[in-house]
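Asker: Sequence plus predicted model, see below.
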Amino acid sequence: MSSGNALGDYLKLRRGRVRPEDVGLVAGPRRRVDGLRREELAALAGISADYYLRIEQGRNPHPSPQILDALARALRMDAAASAHLHQLARDRRLTYSDVERVGDDIASLIDQLPLPAFVAGRCLDCLASNQLARNLSPNFAPGRNLLRALFLDPAERRLHRDWDDAAAGVVGGLRQVADGETRDPRLDTLVDELRASSASFAELWARADVGYRPAGTSRLHHPELGELVFRRNRFAIPDSDGQHLQIYHPEPGTSTSEKLALLVTSAD
């Protein structure tokens, strides 16, 4: 997934997304580079081209916060992307070596919830779920990988009416985890696999967007119950090294609320 130079890789991707005309530059007819050239970004950030080259090539992996802020402004980064840039420039990260497990209290909580709910781990493995979630999608079952299912299982595409938004949000969240304070080699392997097997994933990964999809509405098409509209909320689980709980809940008085009882008896 990575050359070992996460900061440089990220800057290169973001540099490729900014068009010269977006920052007041004239592209010219003989331009061969998508996005900004290194020297153009350096000039916009107020640093020398050689100094920027050392940063992108990993020969200066820890530039100052002031330099990072200047690069973020030049690349028109939002707050999440800028924070991510600073994170990448910090000292060498630790590596996860433990197997992910869901605490007994969280597993018990999920089983008691009258709403579809599941726990996803750092690599978006489904670690625990209740029957309602599994009846909503067989991919919401422990042992399944939610990311792999979203991009490689046609049934998952049919389920998510808002697949494009869901996919973009999941990939943005994955990049935030992948380049976080602690790395997980399993996630590197998963990203490499999906870049090779899914053009949609490869395109979204190359966009280098950062951040999980915010809470909102999910529109689903269940093979038995038809159209379902849920509110979607994601809760980080404290002291779990990156696990989160996701819950789908309908608005009271809607057709989805009425269909929720039928989801209980839907085929697993």
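Answerer: Cool, got the structure. Residues are numbered from 1 along each chain as shown.

Asker: burial of Asn130, as a residue count?
Answerer: 21 (other CB atoms under 10 Å). (Each C-beta comes from the backbone N, C-alpha and C, glycine too.)

Asker: likewise Asp78?
Answerer: Asp78: 12 surrounding residues under other CB under 10 Å.

Asker: Roughly how far does it sit from Leu88?
Answerer: Distance of Asp78 to Leu88, given as CB to CB, to the nearest Å: 16 Å.

Asker: before we move on, what about Arg73?
Answerer: As judged by CB to CB, Arg73 and Leu88 stand 17 Å apart.

Asker: what's in contact with the host helix or strand of Phe201?
Answerer: For Phe201, the host element (DSSP states H and E) is helix 199-207. By CB atoms under 8 Å, 6 or more residues apart in numbering, the surrounding residues in contact with helix 199-207 are 13, 16-17, 151, 167-168, 171-172, 175, 191, 194-196.

Asker: Bridged to Arg232, which residues?
Answerer: When assigned by DSSP bridges, Arg232 has beta-bridge partners Gly216, Tyr248.

Asker: likewise Leu220?
Answerer: Bridge pairing for Leu220 (DSSP bridges) gives the partners His160, Leu228.

Asker: Please list all residues in contact with it.
Answerer: Contacts for Leu220 (CB under 8 Å, 6+ apart) come out as 136, 159-161, 227-230.

Asker: Walk me through the domains of the protein.
Answerer: 6-92, 104-265 (automatic domain parsing).

Asker: Make TSV from the ones you listed and add mean pLDDT to it.
Answerer: Formatted as TSV, the domains of the chain follow (pLDDT from 0 to 100):
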stretch	mean pLDDT
domain 6-92	85
domain 104-265	91
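
Asker: related to what we said a few turns ago, more crowded one of Arg73 and Leu88?
Answerer: Under the criterion of other CB under 10 Å, the comparison of Arg73 against Leu88 puts Leu88 first, with 20 against 13.

Asker: what's the closest residue to the more buried one other than its chain neighbours in contact with, if anything?
Answerer: Nearest residue to Leu88, sequence neighbours excluded (CB to CB, 6 or more residues apart in numbering): Leu7, at 4.2 Å. By CB under 8 Å, 6+ apart, Leu7 lies in contact with 55, 58, 61, 85, 88-89.

Asker: And the residues you listed, which two are furthest apart?
Answerer: The distance between the two most remote of these (CB to CB) is 14.6 Å, for Gly58 and Leu85.

Asker: could you dump the contacts of Leu220 to JSON lines with distance to Arg122 and neighbour count?
Answerer: As requested, the contacts of Leu220 are exported to JSON lines (distance: CB to CB, whole Å; neighbours: other CB atoms under 10 Å):
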{"residue": "Leu136", "distance to Arg122": "23", "neighbour count": "24"}
{"residue": "Leu159", "distance to Arg122": "24", "neighbour count": "24"}
{"residue": "His160", "distance to Arg122": "22", "neighbour count": "17"}
{"residue": "Arg161", "distance to Arg122": "27", "neighbour count": "16"}
{"residue": "Glu227", "distance to Arg122": "32", "neighbour count": "12"}
{"residue": "Leu228", "distance to Arg122": "28", "neighbour count": "23"}
{"residue": "Val229", "distance to Arg122": "29", "neighbour count": "17"}
{"residue": "Phe230", "distance to Arg122": "24", "neighbour count": "22"}
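
Asker: element containing the most centrally placed residue in the chain?
Answerer: The centre of the chain sits closest to Gly173, judged by CA atoms, centre = their mean, with a distance of 2.3 Å. Applying DSSP H and E as the criterion places Gly173 in helix 163-178.

Asker: So which bits of that helix are buried?
Answerer: Using 16 or more other CB atoms under 10 Å as the test for burial, helix 163-178 gives 163, 166-178.

Asker: With adjacent residues omitted, what lies nearest to Gly103?
Answerer: Ser240 (7.3 Å).

Asker: err, Val177, not the other one
Answerer: Nearest to Val177 is Arg122, by CB to CB, 6+ apart, at 5.6 Å.
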